[in-house]
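> any chance you can model this:
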Amino acid sequence: CHSSYLDAFQRLLLDKVDIAVCGVNINGKNIVLNNSQEENGIHDRAWLMVELIKRESVRGFLFNKAFSAEIVKNNKLFFDDSIHMCEDLVFCLNYAMYAKQIAFFNQGLYDYVIRQSSASQSKFNPKRMSVLEAYDQIEKIEATYGTNEGIRIAKYNRLVHCCRLFLMLRKQQGYEEKRLYLKDYIKRNIRDTGNVKTELK
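Residues are numbered from 1 along each chain as shown. Model prediction:
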């Protein structure tokens, strides 16, 4: 039961905040604690912009966040129907541009189970290609409102997605142009990953 942690999280919300974020247990493991050792409390937009795109941090999930309906309505924030991968991250980053104070609680208050048969774990689907459009928007947001660290991580994440797509497309018919684009992008950026922990192998 998470009742005691929920009580502590609710106390954080006594302060006026624009978004509340908590940890999430994925298959029993609190992924937020892998990359984010921040203390519970109030943080700023720069912190959120980085934490949203860190792999295995608070990420762009919707289910571990509470948003302000006022911010969503006043700024006409919505999901891009043309994007089918990372669309939640694009929404969260667009929202973060209007968030000044963020309440953070690193205890996993949400339990999430990933099954191998789920849509996000399935093999290639043409809709997966929309992740490239998503990262066009993500990198633009980070370049405008984020930090150098956020820009670097976004570029690295895009590279990881490109590698995965390239491997998926090896035996697919009708994607030669996309394969050539992905191959060229990977060759140009494979060595420019900075100090981000790599999983390209």
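
> CA only for contacts and neighbour counts going forward, please
Noted.

> can you pull out the low-pLDDT segments for this structure?
1-15, 31-39, 115-122, 192-201 (pLDDT under 70).

> can you pull the contacts of the residue nearest to the spatial centre of the chain?
The chain has Gly60 as the residue nearest its centroid, 3.2 Å off, counting by CA atoms, centre = their mean. Neighbouring residues of Gly60 by CA atoms under 8 Å, 6 or more residues apart in numbering: 52-53, 86, 88-90, 92-93.

> leaving out the residues flanking it, which one is nearest to it?
Nearest residue to Gly60 in three dimensions, chain neighbours excluded: Leu89, at 3.9 Å (CA to CA, 6 or more residues apart in numbering).

> now the helix or strand encompassing the one you found: how far from the chain's centre is it?
Assessed by DSSP states H and E, Leu89 sits inside helix 87-96. How far helix 87-96 lies from its chain's middle: 8 Å, per CA atoms, centre = their mean, to the nearest Å.

> against which helices or strands is that helix packed?
When contacts are defined as 3 or more CA pairs under 8 Å, 6 or more residues apart in numbering; DSSP states H and E, helix 87-96 sits against helix 45-51, helix 131-145.

> need the residues that contact the following helix or strand past the longest one.
Proceeding C-terminally, helix 131-145 gives way to helix 148-169 as the next helix or strand, assigned by DSSP H and E. Applying CA under 8 Å, 6+ apart, the external contacts of helix 148-169 come out as 49-50, 53-54, 123-124, 128-129, 131-132, 135, 138-139, 142-143, 175, 179, 182-183, 185-186, 189-190, 193-194, 196, 199-200.

> quick revisit: highest mean neighbour count out of the helices and strands packed on helix 87-96?
Sort the helices and strands packed on helix 87-96 by mean neighbour count, taking mean count of other CA atoms under 10 Å, and helix 45-51 sits at the top with a mean of 21.
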